[in-house]
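Asks: Pasting the sequence and the predicted coordinates here, then a few questions.
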Amino acid sequence: MRALRRRLSGWGRYPVLECDTVRPESYAGLAVTDGSVIARGLGRSYGDAALNDHGWVLFTERVNRMLRFDEGTGALRAEAGVSLADVFRTFVPRGWCPAVTPGTRQVTLGGCVAADVHGKNHHRDGSFSAALDELVLIGADGARRRCSPRREAETFWATVGGMGLTGTIGEVALRLRPIETAYLSVEHRPTEGLEQTLDVLQDPQFDDQYTVAWVDCLARGRGLGRGVFMRAHHARRDELPARLRAAPLTVVGHAPRRVPLDLPGWVLNRAAARAFNALYYRRQGARRSPFLADYRTFFHPLDGLADWNRLYGRRGFLQYQCVIPSEGARAGIYELIRRLADSGAGSFLAVLKRLGAANPAPLSFPLDGYTLALDLPLRGTRTLELLAELDRQVIAWGGRVYLAKDACLSPESFRAMYPRFAEWYRVKQALDPEWRFDSALAQRLRLAEGP
């Protein structure tokens, strides 16, 4: 394979590193035996999880064959470079869709496993791994290892959420969800403050297959934490208007709009964020009657704007996502949002979701509680200092941050947030004692030093 030196970053465009990259055209090329390596799919982890300036970055998106599909059960086996966009495009017209999807479909199946992604239905259906039947893991020696929750379970659960550090994921076997239509029935409800937002998220009366709340992180006083609660379920055919029933699984495609240039950093200032948040609150909060949205609009609204990370300019942005356990969630989330409001760090995207129980994966992010996700323009050291302060609060409340979106967590904070790191480390050492699978994230967190 021909190597190419490239400047790479995650989706947040911070940090930027010079990396040696290779792009195999076939499954056999996934085995890299010279130096350290980290796999990279479509580059949608936000920070440095898919960067490696001390070895190789292995682009996997061309190893993307769908190998087998069972029309009766929805069981799909595919190479890890297949994207969720490929899965939706291929199987929604056949009455199937992924059981769990994150906020973008521009991610590979291997990336979904490595980050153990979750969606708006975690409180009901768990994370991506809940629908996995088997993985094929390629080791540093090129050997292929099959693992599942029943076969080599420790390897399986260390790989789930393991950020690509146990080996290169070669194949993924998962179960899709049957659907009658390509649409969802959606309902919005405005909330006046954080207490009401959390009340609605946990009230069984308002529960549905998918629930989420957008939060205005710049509101102050009694309006602190106000938001728009959204719930949805896959629409049945009889819920569609007559004009859609003839082809209920078909959605007319539109090419995404593109951001043609990097915006100047001053555009996304506090005043702009405040104005945007106020407008969004009014418009989306007014949509109280149930309405239909196609799967792309509901699950992946930002995919309709290609290269949307350019809105934050060349300096980029930091995505910060944390989870606070249920018992301390009200106080913990309140303190986080209050600190954000006081700082004036304008977030155009602030999402609050309810999560269900944790799974057996030592480094998987979700646990029983509430997760808050933010996009923060990078404004130098003051932004990094703010996130370090938020990290301290999250630790105090027994929570953690999401490694797939992290770019600045300290080694000490990581170990405080992930108390099962020692379990993962033991499996990693058994699978890869020479640390042939390495990344900038692993180096920043000094994972090779152990617990």
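Replies: It's in. Residues are numbered from 1 along each chain as shown.
Asks: so where's the chain shaky on pLDDT?
Replies: By pLDDT under 70, the weakly predicted segments of the chain are 1, 33, 346.
Asks: For the residue lying closest to R62 once chain neighbours are set aside, give its distance to H233.
Replies: Excluding its sequence neighbours, the residue lying closest to R62 (CB to CB, 6 or more residues apart in numbering) is E25, at 5.5 Å. Where C-beta positions appear, they are placed from N, C-alpha and C, glycine not excepted. Going from E25 to H233 by CB to CB, to the nearest Å gives 41 Å.
Asks: Helices of the stretch 51-200 of the chain, start to end?
Replies: 84-91, 109-115, 122-125, 153-159, 194-202 (DSSP state H, counting those that start in this stretch).
Asks: how much space between the residue of the chain most remote from its centre and P248?
Replies: Going by CA atoms, centre = their mean, the residue of the chain most distant from its centre is A242, 35.6 Å out. Using CB to CB, A242 is found at 11 Å from P248.
Asks: Kindly report the same for L318.
Replies: According to CB to CB, L318 stands 40 Å off from P248.
Asks: When these two are compared, which one has more neighbours?
Replies: Set side by side, L318 and P248 show more neighbours around L318, with 25 against 19, by other CB atoms under 10 Å.
Asks: quick check: longest strand of this structure.
Replies: Longest strand in the chain, counting residues (DSSP state E): strand 168-178.
Asks: So for that strand, what gets flagged as buried?
Replies: Neighbour-count burial for strand 168-178, with 16 or more other CB atoms under 10 Å as criterion, is recorded at 168-177.
Asks: With stretch 300-319 instead?
Replies: For stretch 300-319, by 16+ other CB under 10 Å, it's 300, 303, 308-313, 316-319.
Asks: what separates the closest residue to P360 other than its chain neighbours from Q196, distance-wise?
Replies: Using CB to CB, 6+ apart and skipping the chain neighbours, the partner closest in space to P360 is W157 (4.8 Å). Using CB to CB, W157 is found at 37 Å from Q196.
Asks: again with T90
Replies: 41 Å.
Asks: circling back: next, work out how far apart the residue nearest to R62 and G119 are.
Replies: 31 Å.
Asks: And G162, by the same measure?
Replies: G162 is 20 Å from G119, by CB to CB.
Asks: Looking only at neighbour counts, state which of the two leads.
Replies: Per other CB under 10 Å, whichever of G162 and G119 has more neighbours is G162, with 28 against 19.
Asks: now the helices of the stretch 51-200 of the chain as TSV including distance to S36 and mean neighbour count?
Replies: TSV is the format used below for those (distance: least, CB to CB, whole Å; neighbours: other CB atoms under 10 Å):
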stretch	distance to S36	mean neighbour count
helix 84-91	28	19
helix 109-115	16	29
helix 122-125	32	19
helix 153-159	17	23
helix 194-202	42	19
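Asks: Those helices into TSV, with extra columns for distance to K405?
Replies: As requested, these are arranged in TSV below (distance: least, CB to CB, whole Å):
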stretch	distance to K405
helix 84-91	17
helix 109-115	9
helix 122-125	15
helix 153-159	19
helix 194-202	21
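Asks: which one of the ones you listed lies closest to R330?
Replies: Nearest to R330, of all the helices of the stretch 51-200 of the chain, is helix 194-202, at 5.9 Å by CB to CB.
Asks: Which other helices and strands does the closest one contact?
Replies: strand 183-191, strand 210-215, strand 227-234, helix 329-343, strand 350-355 (3 or more CB pairs under 8 Å, 6 or more residues apart in numbering; DSSP states H and E).
Asks: I'd like to know which elements the first one is packed against.
Replies: Applying 3+ CB pairs under 8 Å, 6+ apart, one finds that strand 183-191 makes contact with helix 194-202, strand 227-234, helix 270-285, strand 291-294, helix 295-299.
Asks: Could you tell me which strands it is paired with, and in which direction each runs?
Replies: strand 227-234 (antiparallel), strand 291-294 (antiparallel) (DSSP bridges).
Asks: What residues sit buried inside the shortest one?
Replies: Just to be clear, that refers to strand 291-294. For strand 291-294, by 16+ other CB under 10 Å, it's 292-294.
Asks: Please apply the same query to the longest one.
Replies: Under the neighbour-count criterion of 16+ other CB under 10 Å, strand 227-234 has 227-232, 234 buried.
Asks: possible to save those residues as CSV with distance to D438?
Replies: CSV is the format used below for these (distance: CB to CB, whole Å):
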residue, distance to D438
G227, 40
V228, 42
F229, 42
M230, 39
R231, 42
A232, 40
H234, 41
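Asks: Could you check how far T104 is from W308?
Replies: Taking CB to CB, one finds T104 at 10 Å from W308.
Asks: I'd assumed N52 was in contact with G164.
Replies: No: when contacts are counted by CB atoms under 8 Å, G164 is not listed as touching N52 (9.8 Å).
Asks: Need the overlap of contacts for those two.
Replies: Residues within reach of G164 and of N52 at once, by CB atoms under 8 Å, 6 or more residues apart in numbering, are 38, 439.
Asks: Ok, which of the helices and strands packed on strand 183-191 comes nearest R338?
Replies: Nearest of the helices and strands packed on strand 183-191 (CB to CB): helix 194-202, 9.0 Å.
Asks: just to revisit the earlier point, okay if I get the strands paired with strand 183-191 as TSV plus distance to F365?
Replies: Output for those, formatted as TSV (distance: least, CB to CB, whole Å):
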stretch	distance to F365
strand 227-234	21
strand 291-294	27
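Asks: Between those, which one is closest to P451.
Replies: Nearest to P451 among the strands paired with strand 183-191 is strand 227-234 (38.1 Å), distances taken as CB to CB.
Asks: right, and the helix or strand after that closest one?
Replies: helix 242-245 (DSSP states H and E).
Asks: Pull out the buried residues from that following helix.
Replies: L244.
Asks: Quick check: R40 vs A114, distance?
Replies: 10 Å.
Asks: Now the common contact residues for these two.
Replies: Counting by CB under 8 Å, 6+ apart, nothing touches both R40 and A114.
Asks: hang on, the earlier thing: and the two most separated of the buried residues of stretch 300-319?
Replies: H300 and G313 (23.3 Å).
Asks: export the helices and strands packed on helix 194-202 to TSV and tack on distance to S45?
Replies: As requested, the helices and strands packed on helix 194-202 are exported to TSV (distance: least, CB to CB, whole Å):
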stretch	distance to S45
strand 183-191	26
strand 210-215	21
strand 227-234	25
helix 329-343	22
strand 350-355	17
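Asks: so which of these is the most packed in?
Replies: Counting by mean count of other CB atoms under 10 Å, strand 210-215 has the highest mean neighbour count of those, with a mean of 25.
Asks: Centre of the chain to stretch 390-405, how far?
Replies: Centre-to-centre, stretch 390-405 and its host chain are 16 Å apart (CA atoms, centre = their mean, to the nearest Å).
Asks: Likewise for stretch 200-220?
Replies: With CA atoms, centre = their mean as the basis, the mean position of stretch 200-220 lies at 19 Å from the chain mean.
Asks: mind saving the C-alpha coords of that stretch as PDB?
Replies: What follows is stretch 200-220, C-alpha atoms only, in PDB (Å, rounded to 0.1, in the frame of the first residue of the first chain):
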ATOM      1  CA  VAL A 200     -40.800  15.400  31.000                       C
ATOM      2  CA  LEU A 201     -37.800  13.300  30.000                       C
ATOM      3  CA  GLN A 202     -38.500  10.900  32.900                       C
ATOM      4  CA  ASP A 203     -42.300  10.900  32.900                       C
ATOM      5  CA  PRO A 204     -43.700   7.700  31.500                       C
ATOM      6  CA  GLN A 205     -46.700   9.700  30.100                       C
ATOM      7  CA  PHE A 206     -44.400  11.400  27.600                       C
ATOM      8  CA  ASP A 207     -42.100   8.400  26.800                       C
ATOM      9  CA  ASP A 208     -41.800   7.000  23.300                       C
ATOM     10  CA  GLN A 209     -39.300   5.000  21.200                       C
ATOM     11  CA  TYR A 210     -37.100   8.000  20.900                       C
ATOM     12  CA  THR A 211     -36.900  11.000  23.300                       C
ATOM     13  CA  VAL A 212     -34.500  13.900  23.500                       C
ATOM     14  CA  ALA A 213     -34.500  17.600  24.600                       C
ATOM     15  CA  TRP A 214     -32.800  20.600  23.000                       C
ATOM     16  CA  VAL A 215     -31.700  22.900  25.800                       C
ATOM     17  CA  ASP A 216     -31.000  26.700  25.700                       C
ATOM     18  CA  CYS A 217     -27.700  26.900  27.600                       C
ATOM     19  CA  LEU A 218     -27.700  30.700  27.500                       C
ATOM     20  CA  ALA A 219     -31.000  31.200  29.200                       C
ATOM     21  CA  ARG A 220     -30.700  32.600  32.800                       C
END
